[in-house]
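S.K.: Quick one: sequence plus predicted model below, questions after.
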Amino acid sequence: MRIILFAFLLLCSCTSEVTTPNTPTEKIFFDLPSFFESEIELIQKDLIALEKTSTVNGQKETKRVENVDLTEELSIFVNADINKTTWQDQYQVDSLRNEDASLQAIHYTALNDNLKTKKMIVAYERGVVKEIEIWKGIDNMAIQSNQILKYFPQQGYVISNEQSIVLSTAQKVEIKVDFVRK
């Protein structure tokens, strides 16, 4: 009986912790989906409407939109997420620090021209995200499209798009959205 008890105690004390590197929940780069999930939760509580101003080739139009699905509305930012296992070495990461060594910004720059998300900048103020800027682009024989997405936490966002299709004139579109809250 003592031998069995001793063997049991020996086995229990010899277990080692097994860790798996780079599990799917670990993020190498800034976690856009989690950030926007938190933002939506904060904003949705007291959101009344969106104030949208669209400018197409210089022509402006403003409208108020109520009953908004923020998950759908902000999906363009979430879809620019660069945290894919195959892209781990496809982005150069640079940090910019203030004089007091606090983080001012993180720059992610694509090293491969085939990636749609070309650049992402996450700017901080006193340790809190103050702006996210994402540059996306497509350039092939049929179309050239450059899109800049800017998000201002709990305030709104701006999407600028310049697109030219073969045999047509270039289009410039900008959408500025302000969150109207209680």
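M.R.: Yep, that arrived.

S.K.: Just give the number of residues close to residue 97.
M.R.: 11 (other Cβ atoms under 10 Å). To be clear about C-beta, it is placed using only N, CA and C from the backbone, and glycine gets the same treatment.

S.K.: Next up, the contacts around the residue most central in space within the chain.
M.R.: Centroid-nearest residue in the chain: residue 32, 3.4 Å away (criterion: Cα atoms, centre = their mean). With contacts defined as Cβ atoms under 8 Å, 6 or more residues apart in numbering, residue 32 is in contact with 77-78, 80-83, 132.

S.K.: Can you pull out the low-pLDDT segments for the protein?
M.R.: 1-25 (pLDDT under 70).

S.K.: which residues of it fall in strands?
M.R.: 47-56, 59-66, 91-97, 103-110, 117-125, 128-139, 143-152, 156-165, 171-181 (DSSP state E).

S.K.: who are the neighbours in contact with residue 137?
M.R.: 116, 118, 144-147.

S.K.: Weed out the non-buried ones from these.
M.R.: 118, 145, 147 (16 or more other Cβ atoms under 10 Å).

S.K.: can I assume the second one is in contact with residue 163?
M.R.: Yes: contact criterion Cβ atoms under 8 Å: residue 145 and residue 163 qualify, at 4.3 Å.

S.K.: For the residue nearest to the centre of the chain, give its distance to residue 127.
M.R.: Per Cβ to Cβ, to the nearest Å, residue 32 is found 18 Å from residue 127.

S.K.: One more: residue 77?
M.R.: Using Cβ to Cβ, residue 77 is found at 21 Å from residue 127.

S.K.: out of the two, which sits in the more crowded spot?
M.R.: With neighbours defined as other Cβ under 10 Å, residue 77 and residue 127 compare such that residue 77 has more, 21 against 7.

S.K.: about what we covered before: make CSV out of the buried ones among the contacts of residue 137 and add distance to residue 155.
M.R.: CSV is the format used below for these (distance: Cβ to Cβ, whole Å):
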residue, distance to residue 155
118, 24
145, 26
147, 20
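
S.K.: Tell me which residues touch residue 29, please.
M.R.: With the criterion set at Cβ under 8 Å, 6+ apart, residue 29 makes contact with 82-83, 91, 93, 108, 120.

S.K.: if you set the cut-off to 10 Å instead, what comes out?
M.R.: Going by Cβ atoms under 10 Å, 6 or more residues apart in numbering, residue 29 touches 81-84, 87-88, 91, 93, 106, 108, 120, 122.
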